[in-house]
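A.B. asks: This is a predicted model, with the sequence first.
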Amino acid sequence: MASRMEQDAYLMPASPAGGRRASADYRPSIRKALGHVPACLVNASVTYCSNDQIYAFGGFDQYTDEVYNHVLKLDLNALRWELVDNYGDIPGVRMGHTATLYQGDKLIVFGGENEHREYLSDVVILDLNTSTWAQPEIRGSIPRGRARHAAVIHDDKLFIVGGVTGENNVILDDLTYLDLTTWTWSRTWSFTARFDHTAWVWGNRLWIFGGLGPNMERTTDIYWLDLKGSPSLSGINSSQGTVDSFDAANNVTHSPGSLSSPSQSLTGRAGSYAANSGSVQVRSLGRRKPIAPGSISCLRFQSGPHVPALFSGTHFQSYASGVLLDLITPSETVRSHDCNLSALELNSLRWQRLADGQEIFRPGYRWHYCTINESGTKAWLLGCSLDIGNAPGGGDDNHMSEVLSIDLEKYGLLGNDLSAEAPEKDASWQSDPSGSSSISGLGADLSAVFDQPPQAGSGTDFVITAVRDDHDGFCSDDIADPPSPSPSRAQPTFVEPGPSTSAPIHVHKIILQLRWPHFKRLYSAQMAEYHTKRMHIPETYSVVRAFLYYLYTDSIAGHPEYCSDVVDVAGMLVMANLYDMPKLRLLCVNRLSREIDVENAAIVWERAGRTNEQWLMRRAAQFCLTHWGRVVRTDGFKSLSHQSLIQLCEVVDMEGRIIAGPELEMEEGLGDRDVKPSQLRLGSATDDLDELDDEEGMELS
């Protein structure tokens, strides 16, 4: 009996055959905001300022041409607009300016255009805690006044890129920054001419995308400038100014000295002032500037099935979670069917289609602004209702009363805290596409003792077994739906190792207890099996080993031995769903969405359906339809259960048909990007796979 007890083990529940959770397919919600609802202002600044609050400042009314300097706040929890009473050096009316959040409680406003069509170059700061405006004493060479530029803060520096200026609306290629610790402007460099674009910093690189160039056409170029290692971009020369300390709440500036040239400084003024006309800068536009220091790179997307169509619709572009998001919204001439949400992965510089327009938008609305929270997990669109008959309280196409909330995690985005890091300078650009940071620190140390027998000095004190990968008789679809893994129902039972049992995986009880809540609940019960120090999980060995490796390292990044196969990641998605581990679920969804290919698409589709990941399931289904002739010949497709095969075939539209042979050749312009879900292309099995490759065309300079 003693020998029998030594072989006994805990038996964990098997993965369910179908989706057990009743979660409905995700669709962004639209809610109506009340309170002091602002007009649908043009060229205002709309900034997310933490604590689920959005601040709007300035802009002009397209119906009255009135330019404003109002400050409004939208509480996203209460869905209520509030007109903010503000004090101090209240700036004049303006539009086309930027308002950038600094230190979590200050908005730094730069530039814009006043009601006289004069371009501004002043800096004003709104303290969000006291609603007080102030002007710091600025030093250095003040840049040209401008509007419709881009601004981003990095390492206490406010970078200003591009914009328009002058009576003839000259498009600027300027790059400059304001050091926010000394309030000193750097010199101005030449970067690339652009306005109405987006700028952000990621991986010690300053990026810009979108907007219009000198030819007044939307561009598909993305530029980036290396900031690391450039003395000009990493510090201020002492000759450029003196150090000031600035108290925005009390409008107090302490300076050890002053500049000899009063034309190069902006002094604070008491009270409010009318149009900031005193800050208008008139400078020569013929002066040559040096090229920005650091390595400048540019990539142009010529074409591709997922490259956004920049020449139609209203685009909103924002950085989040290591990707550039491009959201095309409906307009008077663009239907929701022609819109989409796309993402440019900055690590691989490849576009992905995250969602089609009909999955996000409902007809009868127009969207004017988009903003994203600091964690990169949620986005909000602000707009108006055009449908007077159906909108609650009636439609109003001149007030920003509608709020569309988008949960970006539902589309596989990890959030800024979990997103992949950029490769170091001079390192290979094509980094690990798994969406997880490389293993370092404690995770790297723990990985060194993972699955090492105790006699090797690893200190492992627990054994887990799984189903052998080569066991042909195993299919998790054939296992009955297990009880819910709650403390009261998921009780362990005896299992005797058999021919299908894998080799033991040596682990540490303390790590499993700390990292795996389900194991902690089971182990705290201390039943008879507690003393056997064994557990059996009825999933394949490679999946279980990858899952345990994640518990040690907090990463599912591709590893030569663990997590290298996307099929294993799909298996971990099932385990994350079964044991309610949201972070692992998000990591798996993100990686699977990036690495769907012909060999694994059917399996990803099946596992996504099993776990009710509807968005991932649609992506995999669309991939299967686009490459149907190849997918059905893979081992992954053939490994699906009979029921799953039938369900995958039924994904095809009721009126769908296969276009093959001469008919396919007669379809003019029919390519991968033109295939509709109801049409399947059937090619020869000997066709070169490269012809169906989804790689986007690009030029690198």
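C.D. replies: Here it is on my side, so go on. Numbering: from 1, shown residues only.

A.B. asks: List the buried residues in stretch 72-80.
C.D. replies: Residues of stretch 72-80 classed as buried: 72, 73, 74, 76 (neighbour count, 16 or more other CB atoms under 10 Å). Bear in mind the C-beta positions are built from the backbone N, C-alpha and C, glycine included.

A.B. asks: Rebuild these as TSV, extending it with pLDDT.
C.D. replies: Shown next, in TSV, are the buried residues of stretch 72-80 (pLDDT from 0 to 100):
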residue	pLDDT
72	97
73	97
74	97
76	96
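
A.B. asks: Show me the chain divided up by domain.
C.D. replies: 1-23+432-595, 86-257+265-303, 615-701 (automatic domain parsing).

A.B. asks: Lowest average pLDDT across those domains?
C.D. replies: Mean pLDDT is lowest for domain 615-701 among the domains of the chain, at a mean of 69.

A.B. asks: hmm, back to that, just the buried residues of stretch 72-80 now: which is nearest residue 312?
C.D. replies: The closest of the buried residues of stretch 72-80 to residue 312 turns out to be residue 74 (CB to CB; 28.9 Å).

A.B. asks: Residue 96: how many residues sit nearby?
C.D. replies: The local packing of residue 96 (other CB atoms under 10 Å) involves 25 other residues.

A.B. asks: contacting residues for the residue lying closest to it once chain neighbours are set aside?
C.D. replies: Sequence neighbours aside, residue 147 is the residue nearest to residue 96 in space, at 3.0 Å (criterion: CB to CB, 6 or more residues apart in numbering). Listed by CB atoms under 8 Å, 6 or more residues apart in numbering, the contact partners of residue 147 are 43, 95, 96, 97, 111, 112, 113, 119, 120, 163, 164, 165.

A.B. asks: For the second one, name its beta-bridge partners.
C.D. replies: So that's residue 95. residue 113 (DSSP bridges).

A.B. asks: Just list the residues touching it, thanks.
C.D. replies: Counted by CB under 8 Å, 6+ apart, residue 95 has contacts 41, 42, 43, 44, 58, 59, 60, 67, 112, 113, 147.

A.B. asks: The first one touches residue 57, doesn't it?
C.D. replies: No - taking CB atoms under 8 Å as the contact criterion, residue 41 and residue 57 are not neighbours in contact, 9.4 Å apart.

A.B. asks: Tell me how far residue 504 lies from residue 32.
C.D. replies: Between residue 504 and residue 32 the computed distance is 59 Å (CB to CB, to the nearest Å).

A.B. asks: Also residue 526?
C.D. replies: 54 Å.

A.B. asks: Which one of those two is surrounded by more residues?
C.D. replies: Applying other CB under 10 Å to residue 526 and residue 32 shows that residue 32 carries more neighbours, namely 13 against 9.

A.B. asks: So the more buried one sits against residue 402, correct?
C.D. replies: Yes - with contacts counted by CB under 8 Å, residue 32 reaches residue 402, the gap being 6.2 Å.

A.B. asks: Mind listing the shared neighbours of these two?
C.D. replies: Common neighbours of residue 32 and residue 402 (CB under 8 Å, 6+ apart) are residue 385.

A.B. asks: Where does residue 201 sit, in terms of helix or strand?
C.D. replies: strand 198-202 (DSSP states H and E).

A.B. asks: neighbouring contacts of that strand?
C.D. replies: 150-152, 154, 159, 161, 206-211, 227, 317-319, 322, 324, 346, 422.

A.B. asks: Name every strand pairing with that strand and say which way it goes.
C.D. replies: Here, using DSSP bridges, strand 198-202 pairs with strand 205-209 (antiparallel).

A.B. asks: continuing past the strand it pairs with, what's the next helix or strand?
C.D. replies: Next element after strand 205-209 (DSSP H and E): strand 221-226.

A.B. asks: buried sites along whichever helix or strand comes after that next one?
C.D. replies: The helix or strand immediately downstream of strand 221-226 is helix 231-234, counting by DSSP H and E. For helix 231-234, a neighbour-count test (16+ other CB under 10 Å) marks 232, 233 as buried.

A.B. asks: for helix 231-234, the distance to its chain's centre please.
C.D. replies: Its chain's C-alpha centre lies 28 Å from the corresponding centre of helix 231-234 when counted by CA atoms, centre = their mean, to the nearest Å.

A.B. asks: which secondary structure elements does it contact?
C.D. replies: Helices and strands in packing contact with helix 231-234 are not found; criterion 3 or more CB pairs under 8 Å, 6 or more residues apart in numbering; DSSP states H and E.
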